[in-house]
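> Coordinates for the following, if possible.
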Amino acid sequence: MKFFTAKNNSWFCFHCGAQILEGEHCCGFPNKNKIMLLFHPECYITWFTENFNYKYQRWKMEQTGEKKRHWKKSKLGRPRIYKNPYKARNIQSLICYHRKVGNQDKVQELGQMLRDLEIRREQ
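Numbering: from 1, shown residues only. The predicted structure is shown next:
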């Protein structure tokens, strides 16, 4: 946090929204994007205590198990078929190769591995 003396009348307080007049004392606080938020010194004290109390209440609720409600995000696209899709794709390509070669025993073995990777869905 830095303290300033306003050089012109183009600054506004972040908390109360009032204009910070030329020659008035103000303080600045950088936010996440490194943009300076300007406050009157009294407004900064009230803003800081409100912000602190809000964060403390939120943390206390998370500790007691009362979590904030989240909307369930619907997934786009087709539902998954296999638990590990990368491993399943590898097995599918091996099945294709062994079919061309004519190794039916290996095709049966790989087919069983592929069925084990499937996600069981109740219908």
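> Neighbouring strands - and their directions - for the strand ranked longest in the chain?
Longest strand of the chain, by residue count under DSSP state E: strand 25-30. Paired strands of strand 25-30, with direction, are strand 2-5 (antiparallel), strand 36-39 (antiparallel) (DSSP bridges).
> Start and end of stretch 65-82, how far apart?
By CA to CA, to the nearest Å, the extent of stretch 65-82 from end to end equals 33 Å.
> Repeat that for stretch 2-10.
End-to-end distance for stretch 2-10, by CA to CA: 18 Å.
> Please list the outside residues in contact with it.
By CB atoms under 8 Å, 6 or more residues apart in numbering, the residues outside stretch 2-10 that reach it are 19-28, 36, 38, 41. Heads up, the C-betas are built off the backbone N, CA and C, glycines and all.
> In terms of distance to Q108, which of those ranks first?
Nearest to Q108 among the contacts of stretch 2-10 is M36, at 68.8 Å by CB to CB.
> gap between the closest residue to the closest one other than its chain neighbours and F14?
Nearest non-adjacent residue to M36, counting by CB to CB, 6 or more residues apart in numbering: G28, 4.3 Å away. Remark: distance between G28 and F14 (CB to CB, to the nearest Å) = 9 Å.
> ditto for A6
Where F14 is concerned, A6 sits at a distance of 14 Å (CB to CB).
> cool, and G102?
In this view, G102 and F14 are 75 Å apart by CB to CB.
> Please apply the same query to P30.
In this view, P30 and F14 are 12 Å apart by CB to CB.
> do D105 as well
For D105, the distance to F14 - CB to CB - is 73 Å.
> higher neighbour count, the two?
Comparing D105 with F14 by other CB atoms under 10 Å, the one with more neighbours is F14, at 17 against 8.
> tell me the secondary structure for that one?
Following DSSP: H, G, I helix; E, B strand; the rest coil, the label given to F14 is coil.
> again with K7
Taking three-state DSSP as the rule, one finds K7 in the coil state.
> outside of the longest helix belonging to the chain, which residues touch it?
Ordering each helix of the chain by length in residues (DSSP state H) puts helix 41-64 first. Contacts to helix 41-64, defined as CB under 8 Å, 6+ apart, come from residues 1, 3, 13-16, 25-27, 29, 39, 67-68.
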